[in-house]
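Visitor: Kindly return the folded structure for what I paste below:
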Amino acid sequence: MNEIHKMFPKLDKLIDSWCERRCLKPLCFILRDYPLCSELSDGWGVLLEALLEIKGICCHELTLEERRLLGELIHAIQEKKEGW
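Guide: Numbers count the residues shown, from 1 in each chain. You can find the predicted model right below:
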């Protein structure tokens, strides 16, 4: 499993947590772009935008653990993006 695919369980964990808490704003942003329709750079770029929107608009609704996971995901995708 390559590094980028290790992100999917983390992303699934965030989505499950938001569903359980009915945290609708982050779900609204992420579910329009996930699961990825394409694993090409465009798909990852759209996912990154959604995660950044969640961080900027919904951060106050997230738990500390969710903020940590969100930061890890953003960082990993940004690193991947630099390699494109």
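
Visitor: Can you pull out the low-pLDDT segments for this structure?
Guide: Under the criterion pLDDT under 70, the flagged ranges of the chain are 1-4, 37-41, 84.

Visitor: Could you point out the longest helix of it?
Guide: helix 64-82 (DSSP state H).

Visitor: contact partners of that one?
Guide: Applying C-beta atoms under 8 Å, 6 or more residues apart in numbering, the set of residues contacting helix 64-82 from outside is 3-4, 7, 10-11, 13-14, 17-18, 41, 44-45, 47-48, 51-52, 54-55, 59, 62. From N, CA and C alone the C-beta is placed, and that goes for glycine too.

Visitor: Could you rerun that using 7 Å?
Guide: The contact list for helix 64-82 (C-beta atoms under 7 Å, 6 or more residues apart in numbering) reads 4, 7, 10-11, 13-14, 17, 44-45, 47-48, 51-52, 54-55, 59, 62.

Visitor: and what of stretch 29-49?
Guide: Leu11, Ile15, Ala50, Glu53, Ile54, Ile74, Ile77, Gln78, Lys80, Lys81, Trp84.

Visitor: Just the buried positions in stretch 56-74, please.
Guide: The neighbour-count check on stretch 56-74 (16 or more other C-beta atoms under 10 Å) flags Cys58, Leu62, Glu66, Leu69, Leu70, Leu73, Ile74 as buried.

Visitor: which residue is nearest the centroid of the protein?
Guide: In the chain, the centroid-proximal residue (C-alpha atoms, centre = their mean) is Leu51; its distance is 4.5 Å.

Visitor: where's that residue, which helix or strand?
Guide: helix 41-57 (DSSP states H and E).

Visitor: cool, Phe8 as well?
Guide: Applying DSSP H and E, one finds Phe8 within helix 7-21.

Visitor: Repeat that for Pro35.
Guide: With DSSP H and E as criterion, Pro35 is part of no helix or strand.

Visitor: Tell me how many other residues surround it.
Guide: Counted with other C-beta atoms under 10 Å, the neighbours of Pro35 add up to 12.

Visitor: mind checking how far it is from Lys13?
Guide: Per C-beta to C-beta, to the nearest Å, Pro35 is found 14 Å from Lys13.
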